[in-house]
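**Student:** here is a sequence together with a model predicted from it:
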Amino acid sequence: MVRSLAALSVLLVPLAGPGSARAAETLPLAEAVASLPSAVESRDGYDRSAFRHWTRGDDLTDGCNTRNEVLLAEAIEPPEVGEGCRLTGGRWWSYYDSQWVTSASDLDIDHMVPLAEAWDSGAFAWSSARREAYANDQGSEVSLVAVSARSNRSKADQDPAEWLPPTGDVHCRYVVEWVGTKLRWGLSADTRELAALNEEAAGCTGWSVTYEPAA
């Protein structure tokens, strides 16, 4: 399955993991934005190490960690997998900046909602196990996305009020994925973020968000 192509669809469709019991919900994008709880954000106490990653991945038999499993899933042309899950060759499409990438080392695995932003939006109250699950979430196709290192580092920990992909025609997709991730994990949004999301949603006619709440 090529996740980077599947995610081009209008709907944000997650993968149902083993034991998943919570039904997926679909909302028009504007309604999905309205469903986000509004809250003041605070970064007090944040430490990136509170989100343990990358772990062994979903497939405990393949010898790959979460990062490499995402790279394998999103490769347009699959890389060769060597000892210790070392990846050589392959080809990926970085949708943030519309760039082809031909080396795994030139890619970052972006947390759609960055770890610091997740902390600000409610993850500060989570258990360490839930933060680890968030940081390695492969239960949705868009929680983690392989993009060029340059574009990911440009984004850093900014929300859509501060940063959107430089490729303008992917803004609707990006906002759908952002909102879906926040709804999946029950995260809030602050006033500026909600204003930016509503502004983008107004121009994204026909787009919907389908998300499955994380267990």
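**Tutor:** It's in.

**Student:** got the buried residues for the lengthiest helix in the chain?
**Tutor:** For the chain, the longest helix by residue count, based on DSSP state H, is helix 171-185. Buried residues in helix 171-185, counted by 16 or more other CB atoms under 10 Å: 172-185. Glycine gets a C-beta too; all of them are placed from N, C-alpha and C.

**Student:** looking at the residues you listed, which is nearest Thr191?
**Tutor:** Of all these, Lys182 has the smallest distance to Thr191: 14.7 Å, by CB to CB.

**Student:** right, and the closest one touches His111 too?
**Tutor:** No. With contact taken as CB atoms under 8 Å, Lys182 and His111 are classed as non-touching, separated by 11.8 Å.

**Student:** phi first, then psi, for the residue of the chain most remote from its centre.
**Tutor:** Residue farthest from the centre of the chain, counting by CA atoms, centre = their mean, is Glu83 at 27.9 Å. Recorded main-chain torsions at Glu83 are phi -60, psi 140, according to degrees, to the nearest 10.

**Student:** look up which residues are beta-bridged to Ser94.
**Tutor:** On the basis of DSSP bridges, Ser94 is bridged to Gln99.

**Student:** these two touch, right, it and Ser151?
**Tutor:** Yes. Taking contacts as CB under 8 Å, Ser94 lies within contact range of Ser151: 6.1 Å.

**Student:** of the two, which one has the most company?
**Tutor:** Each of Ser94 and Ser151 has its neighbours counted (other CB atoms under 10 Å); Ser94 has more, 25 against 21.

**Student:** least confident secondary structure element in the protein?
**Tutor:** For the chain, using mean pLDDT, DSSP states H and E, the weakest element among its helices and strands is helix 3-6, scoring a mean of 44.

**Student:** next helix or strand past that one?
**Tutor:** strand 25-28 (DSSP states H and E).

**Student:** check the offset of that next one from the chain's centre.
**Tutor:** 18 Å (CA atoms, centre = their mean, to the nearest Å).
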